[in-house]
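Undergrad: Build me a model:
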Amino acid sequence: MQPQFNSVGSPFFYGVFITIVIIMIAIDMLTLKKEGAHRVSSREALLWTIVWISVSLGFAVWLYFELLHNPAAGHDIAIDSVMDFLTGYVLEKSLSVDNIFVFVLIFSYFKVPAEYQHRVLLFGVLGAIVLRAIMVVLGAVLVSRFSWVLYLFGVFLLYSGIKLMLPEKENHKGLVENPLIKWLHNHFPVSDHLNQEKFFTIDNGHRLATPLLLTLIVIELSDVVFAVDSIPAVFAVTTDPFIVFTSNIFAVLGLRAMYFLLANVVEKFVYLKYGLAVVLSFIGAKMLVVKWWHIPSWASLVVVFSALLLAMLASWWKNKQ
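TA: Modelled structure (predicted):
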């Protein structure tokens, strides 16, 4: 399999994307500073979710028309690039639901009040952007130098999809016996109590980390685990680093709003993991057979969207019963 590395990304395109990201993050941070620590309502979370999705779709529309009027690109490349962007975006958004479930457990374990979760997630998103950027660059370098890495990604995604379909082992210990949290407690001087939304506090003349900082560290490290699935999954959709990077980052940017929107109902998506299993298996299989059978970008988007929609409808029907 010989991957294609003709990227639609140009310095101008990257500049526009980075400018959009900086402006949106600045607005988010200014909003947080103005409102201070507060419990994010479902209405506010829904509004921000709509904003993030609208910005992402607006970027896709802008990208289409820019490529359409580019003599070196044309209609076919414009359509394929936008379809790949949307597929990667939907794929990353759906995988983010697992993040939300883990975030709920982490906040519960560290007893972080709802009014302080906003700040933790904002800094968590900033860290995730840097992490995803590094992983996309590493993935692009690996794929460009070793074409067999795509097969490895395909096998890994297929394995992840099959594993999701299998029954989970019960774990009654939760995060209590987690070795990472034990290590952090042993190696970080941590205060026993929160100091509002601050990450550090002064206790008896000593500078200590608050449980809020430990929460942020664990959330950042958990994102590393999720990125191991999501980055190869988007590379299975397209090997264009620009599309991989932009679709991934736009999905991550909306994660904080989606958390506050879905945190209280995430457990009701009882069949979502099976939808994700189908998606990961399909993406992995697509990567493995691409040498002999090319699946169009629009077909991938239809399969991903249909699998997730059916899983959510089945979950809704189950809860209704």
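Undergrad: Residue 73 against residue 67, yeah?
TA: Yes. Shown here, residue 73 and residue 67 form a contact pair, counting by C-beta atoms under 8 Å, at 4.2 Å. The C-beta positions use only the backbone N, C-alpha and C, and glycine is treated the same way.
Undergrad: what is in contact with those two at once?
TA: Residues touching both residue 73 and residue 67 (C-beta atoms under 8 Å, 6 or more residues apart in numbering): 8, 81.
Undergrad: which of those two has more neighbours?
TA: residue 67 (21 against 16; other C-beta atoms under 10 Å).
Undergrad: ok now do that one, which residues does it touch?
TA: Residues counted as contacts of residue 67 (C-beta under 8 Å, 6+ apart) are 8, 73, 74, 77, 78, 81, 82.
Undergrad: list the buried ones in the helix ranked longest in the chain?
TA: Longest among the helix segments of the chain by residue count, using DSSP state H, is helix 75-109. Residues of helix 75-109 classed as buried: 78-104, 106-107, 109 (neighbour count, 16 or more other C-beta atoms under 10 Å).
Undergrad: Contacts for stretch 84-95 next, please.
TA: The set of residues external to stretch 84-95 that reach it, using C-beta under 8 Å, 6+ apart, is 56, 60, 63, 226, 229-230, 233-234, 237-238, 240, 243-244, 246-248, 250-252, 254, 258, 272, 275-276, 279, 283, 297, 300-301, 304-305, 308.
Undergrad: Show me where the stretch 51-200 of the chain has its helices.
TA: Using DSSP state H, counting those that start in this stretch, the helices found in the stretch 51-200 of the chain span residues 75-109, 114-145, 148-165, 179-187.
Undergrad: Quick check: the gap between residue 151 and residue 283.
TA: From residue 151 across to residue 283, the span is 13 Å (C-beta to C-beta, to the nearest Å).
Undergrad: Looking at these two, which is more packed in?
TA: Set side by side, residue 151 and residue 283 show more neighbours around residue 283, with 28 against 15, by other C-beta under 10 Å.
Undergrad: need the next SSE after the host helix or strand of the more buried one, C-terminal direction.
TA: Assigned by DSSP states H and E, residue 283 belongs to helix 272-289. Per DSSP H and E, the first helix or strand lying C-terminal to helix 272-289 is helix 297-320.
Undergrad: between that next one and helix 272-289, what angle do the directions make?
TA: 160 degrees (axes from the mean of the first three to the mean of the last three C-alpha atoms, to 10 degrees).
Undergrad: Alpha carbons of helix 297-320, as CSV, please.
TA: Provided in CSV are the C-alpha atoms of helix 297-320 (Å, rounded to 0.1, in the frame of the first residue of the first chain):
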residue,chain,number,x,y,z
SER,A,297,-15.1,9.4,1.5
TRP,A,298,-18.9,9.9,1.3
ALA,A,299,-19.5,6.2,2.0
SER,A,300,-17.2,6.3,5.1
LEU,A,301,-19.2,9.3,6.4
VAL,A,302,-22.5,7.5,5.8
VAL,A,303,-21.3,4.3,7.6
VAL,A,304,-19.9,6.2,10.6
PHE,A,305,-22.9,8.5,11.0
SER,A,306,-25.4,5.6,10.5
ALA,A,307,-23.8,3.4,13.1
LEU,A,308,-23.7,6.1,15.7
LEU,A,309,-27.3,7.2,15.0
LEU,A,310,-28.6,3.6,15.2
ALA,A,311,-26.7,3.1,18.5
MET,A,312,-28.2,6.3,20.0
LEU,A,313,-31.7,5.5,18.8
ALA,A,314,-31.4,1.9,20.2
SER,A,315,-30.2,3.5,23.5
TRP,A,316,-33.2,5.9,23.6
TRP,A,317,-35.6,3.0,22.9
LYS,A,318,-34.0,0.9,25.7
ASN,A,319,-34.4,3.7,28.2
LYS,A,320,-37.9,4.4,27.1
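Undergrad: Which strands or helices does that helix pack on?
TA: helix 75-109, helix 272-289 (3 or more C-beta pairs under 8 Å, 6 or more residues apart in numbering; DSSP states H and E).
Undergrad: So which of these is nearest residue 214?
TA: With C-beta to C-beta as the measure, helix 75-109 is the member of these nearest residue 214 (9.4 Å).
Undergrad: Please work out the average pLDDT along that closest one.
TA: What helix 75-109 shows for mean pLDDT is 85.
Undergrad: Look at residue 229 and say how many residues are nearby.
TA: Residue 229 - counted by other C-beta under 10 Å - has 19 other residues nearby.
Undergrad: now the stretch 1-150 of the chain, which segments are flagged as low pLDDT?
TA: Scanning the stretch 1-150 of the chain with the threshold set as pLDDT under 70 gives 1-6, 32-38.
Undergrad: make it 90
TA: Within the stretch 1-150 of the chain, the stretches with pLDDT under 90 are 1-11, 24-49, 68-80, 87-88, 90-150.
Undergrad: What is the burial count for residue 205?
TA: Using other C-beta under 10 Å, residue 205 has 5 other residues around it.
Undergrad: try residue 222
TA: Neighbours of residue 222 under the rule other C-beta under 10 Å: 19.
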